[in-house]
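Q: Please find the sequence and the predicted model below.
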Amino acid sequence: MQAAKDTFFMTMCGRLQAVNPERTVVIAGETRPGLLVAENEAAVCSQPPEAFCIEWGTAQPVTVSPLVASTLMSVDVTFRYRTCGANTGDCDRGRSLTEMDAELMGICTPQQAAKLDYSQATPAGLGSKIFWKAPQLSPVTQTAAMLGRSATTTVYFYPECEA
C-alpha cells in the first residue's frame, strides 16, 4: 500500500507545481509544493492555511460481489484546505477558496498514474497503475479569519507483492 500512497502524493505534488508553482509551504527551511500528509506532518497540517493536507483512510479490498473476492484495494483520501485570502485580512477569502478548489480539481485530472516504488533513490515502475474518483467537495467551513473545505476521493490500487 505504501507505493500507492507515495505515488498518489508525488503525483499530486508534481501536478500542483505545474498548476500553481506559487502554492508552496516551508518546512524545516525547505520550500515544497503546498501539499502535506497528515500522518507524516500532523503538527504542520493543523496550522498552515493556503496548503492542502492529505488524510488517508483505511485500505480495504474492493468487493466484486458477496461471493467473489478481488485483489483490487481501495483507500479513501480526504484533502483538507483553508485560506485567509490572498493577503491576510483581505476580504477575498471566497475567491482564494475557489482558486484552491480549481487547483484541487486540476491536480486530480487525469485520474490515474503509473505506480512507482519511491523507496529507492530512483523511483522504479511497479507495472500497474493507481486510479481514483473525482474529488467530492464538502460544504464550506468558516471562522472569523478563514474559509476552508474538505474534499474526498477514493484511490484504487493493486497491492505490492512481497517476493
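A: Structure's in. What do you need?
Q: what secondary structure does Ala4 sit in?
A: helix (DSSP: H, G, I helix; E, B strand; the rest coil).
Q: ok now do it, which residues does it touch?
A: Met73, Val75, Lys115, Ile130, Val155, Phe157, Pro159 (Cβ atoms under 8 Å, 6 or more residues apart in numbering). Just so you know, the C-beta spots here come from the backbone N, C-alpha and C atoms, and that holds for glycine as well.
Q: Any figure for the gap between it and Met10?
A: Using Cβ to Cβ, to the nearest Å, we find Ala4 at a distance of 11 Å from Met10.
Q: Find the residue closest to the residue positioned nearest the centre of the chain in space, skipping its chain neighbours.
A: In the chain, the residue lying closest to the centroid (Cα atoms, centre = their mean) is Ile54, at 4.6 Å. Of all residues not flanking Ile54 in the chain, Val37 sits nearest, at 5.0 Å (Cβ to Cβ, 6 or more residues apart in numbering).
Q: my read: that neighbour touches Phe52, true?
A: No - applying Cβ atoms under 8 Å, one finds Val37 not in contact with Phe52, separated by 9.9 Å.
Q: How much space separates the residue nearest to the centre of the chain from Ala42?
A: Ile54 is 12 Å from Ala42, by Cβ to Cβ.
Q: just to revisit the earlier point, so which of the contacts of Ala4 belong to strands?
A: Met73, Val75, Lys115, Ile130, Val155, Phe157 (DSSP state E).
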